[in-house]
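Colleague: coordinates only, sequence not included:
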């Protein structure tokens, strides 16, 4: 059998039928075997199209009940979280980095609660400023769990930022990330050259590896910063 | 041949070797055929594991040069953008919706520029408030292009929000979404029961379908709102 219909063509055709009302929200799709016959395609090709439609939040698979068009589509965006250096350079600007402060301290209570750390856990606390064309761009408030990453104590963060250093040490990990708005506190305003109380876009991220807390970071961006994604 | 090694096992093993330093950042992985032989798995199974590692931003494929461990892993998060009703109900709260205002007006210049609309394009402008347990949760400032979605003019937005109505009309579309922080303006502060100047988390979204502008929406959340994602 010569199979020429690609999964993209099949996916586009299914999307057209859904939007055209042939298969309205909530309706059951024909099974993969029937679709493969109709398209003159291999079942694996239909499967691939279906998998993408599931990933896109357009259809949903229910055990035994088959594949249905979602009553309400699930909107998902994929957000790239680049290193701040890469982000700045991608905008055609020159990147500069400065270490503001560095100290080894026991984890404060709010951080112990967030990362589930034992009392007295030693943390490396770094404050770093990332600049774009010489202007403050992002202020990074970073905590590294020395119990899990002892080599951080010897690392030189005066020239390389902790995000970049960590991404080389552990190329992947479990991340929880949150986005919010906050009012600039006095020290943040001073570092970012803005007014106290100015609205700042804030990203907080906590990272685990094999169940152990690795790091917590709070990043605030200069006023007007937008994080953009396309779906 | 009986293939029992699943792509998950293969993926986990590759991840372990990368993190263990056997395949450091920048190094070349063995080709899929060699890995399939080593794992005693079908090549398609190795392919699937590799595809996920590419999607996860851990390895990258280069034409002819093979598959390499990324020097800097690409961090990506998948962000669910649920309907605000679903978001509120998922928190165990009761959802309420109110239409604040509705009018048909020509597109203002800032919107024409954003959506590439012709002069005088007719827009339905809606302001809606979404409440959680009776408290303001999200203020939605919505513009719908009546040239592309004429049926919106007859729709009843007094009981059903435009996000939910639109997602039923067009289950999918091209979306550009941005996240930022802004200071509450007088009207926003009044609707959200906060102070003028309070930092608000803001989502802006513009939607196209087959190249035509459909809608623009600006959503601001009550103070302290976080958008959370896991990687």
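Modeller: Received the coordinates, thanks. Note that the coordinates shown come from a computational prediction; the quantities given were computed from them, not determined experimentally.
Colleague: please make it C-alpha for all contacts and neighbour counts, starting now.
Modeller: Will do.
Colleague: what sits against residue A:53?
Modeller: Residue A:53 is in contact with A:11, A:59, counting by C-alpha atoms under 8 Å, 6 or more residues apart in numbering or on different chains.
Colleague: after whichever strand or helix holds it, next one along is what?
Modeller: Residue A:53 is part of helix A:43-55, with elements assigned from DSSP states H and E. Counting by DSSP H and E, the next helix or strand C-terminal to helix A:43-55 is strand A:59-62.
Colleague: what separates the helix holding residue A:53 from the chain centre, distance-wise?
Modeller: 25 Å (C-alpha atoms, centre = their mean, to the nearest Å).
Colleague: direction included, what does the helix or strand of chain A with the lowest mean pLDDT pair against?
Modeller: Ranked by mean pLDDT, DSSP states H and E, the helix or strand of chain A with the weakest confidence is strand A:75-81, at a mean of 74. As defined by DSSP bridges, the strand partners of strand A:75-81 come to strand B:75-81 (antiparallel).
Colleague: which is the next helix or strand following the strand it pairs with?
Modeller: helix B:84-90.
Colleague: mean confidence for the helix holding residue A:53?
Modeller: The average of the pLDDT scores along helix A:43-55 is 89.
Colleague: any idea of the angle it forms with strand A:75-81?
Modeller: Calculated by axes from the mean of the first three to the mean of the last three C-alpha atoms, to 10 degrees, helix A:43-55 forms an angle of 90 degrees with strand A:75-81.
Colleague: got the buried residues for helix A:43-55?
Modeller: Buried residues in helix A:43-55, defined by neighbour count with 16 or more other C-alpha atoms under 10 Å in any protein chain shown: A:43, A:45-51, A:53-54.
Colleague: isn't residue A:23 up against residue A:68?
Modeller: No: here residue A:23 does not reach residue A:68: they are 9.0 Å apart, not a contact under C-alpha atoms under 8 Å.
Colleague: hang on, the earlier thing: now the least confident helix or strand of chain A: buried residues?
Modeller: For strand A:75-81, burial by neighbour count (16+ other C-alpha under 10 Å) applies to A:75-77, A:79-80.
Colleague: tell me which two in those are the farthest apart.
Modeller: Within these, A:75 and A:80 form the most distant pair, 16.4 Å apart (C-alpha to C-alpha).
Colleague: residues contacting whichever strand or helix holds residue A:190, please?
Modeller: Element membership of residue A:190, judged by DSSP H and E, is helix A:186-192. Here helix A:186-192 makes contact (C-alpha under 8 Å, 6+ apart) with A:129, A:136-139, A:195-196, A:198, A:221-222.
Colleague: among those, name the buried ones.
Modeller: Buried members of the contacts of helix A:186-192, scored by 16+ other C-alpha under 10 Å, are A:129, A:136-139, A:198, A:221-222.
Colleague: need the contact partners of the least confident helix or strand of chain A.
Modeller: Strand A:75-81 is contacted by residues A:56-57, A:228-231, B:74-82 when judged by C-alpha under 8 Å, 6+ apart.
Colleague: and the residues you listed, which is closest to residue A:105?
Modeller: Lowest distance from residue A:105 to the contacts of strand A:75-81 (C-alpha to C-alpha) belongs to residue B:75, with 28.6 Å.
Colleague: hmm, which two among the buried ones among the contacts of helix A:186-192 are most spread apart?
Modeller: Taking C-alpha to C-alpha, the two most distant members of the buried ones among the contacts of helix A:186-192 are A:129 and A:198; they sit 17.9 Å apart.
Colleague: thinking again about what came up before, Serialize the buried ones among the contacts of helix A:186-192 to CSV and add fields for pLDDT.
Modeller: Formatted as CSV, the buried ones among the contacts of helix A:186-192 follow (pLDDT from 0 to 100):
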residue, pLDDT
A:129, 97
A:136, 97
A:137, 97
A:138, 97
A:139, 98
A:198, 96
A:221, 96
A:222, 91
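Colleague: could you dump the residues you listed to a markdown table with secondary structure and distance to residue B:118?
Modeller: Formatted as a markdown table, the buried ones among the contacts of helix A:186-192 follow (DSSP: H, G, I helix; E, B strand; the rest coil; distance: C-alpha to C-alpha, whole Å):
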| residue | secondary structure | distance to residue B:118 |
| --- | --- | --- |
| A:129 | strand | 43 |
| A:136 | strand | 38 |
| A:137 | strand | 36 |
| A:138 | strand | 38 |
| A:139 | strand | 41 |
| A:198 | coil | 36 |
| A:221 | strand | 35 |
| A:222 | coil | 34 |
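Colleague: of the residues you listed, just say which sits nearest to chain B.
Modeller: residue A:198 (7.3 Å; C-alpha to the nearest C-alpha).
Colleague: where do the helices sit along chain A?
Modeller: Using DSSP state H, the helices assigned to chain A run over residues A:7-19, A:32-39, A:43-55, A:84-90, A:109-115, A:162-169, A:186-192.
Colleague: which of the ones you listed sits closest to residue B:169?
Modeller: Closest to residue B:169 of those is helix A:7-19 (C-alpha to C-alpha; 8.3 Å).
Colleague: next, the angle from the closest one to helix A:32-39.
Modeller: 100 degrees.
Colleague: mind checking how far helix A:7-19 is from the chain centre?
Modeller: Distance of helix A:7-19 from its chain centroid, counting by C-alpha atoms, centre = their mean, is 29 Å.
Colleague: any part of that helix near chain B?
Modeller: Yes: among the residues of helix A:7-19, residue A:19 lie within reach of chain B under C-alpha under 8 Å from any C-alpha of the partner chain.
Colleague: quick one on the thing from earlier: how about the buried ones among the contacts of helix A:186-192 in CSV, adding distance to chain B?
Modeller: Shown next, in CSV, are these (distance: C-alpha to the nearest C-alpha, whole Å):
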residue, distance to chain B
A:129, 20
A:136, 17
A:137, 14
A:138, 14
A:139, 15
A:198, 7
A:221, 10
A:222, 10
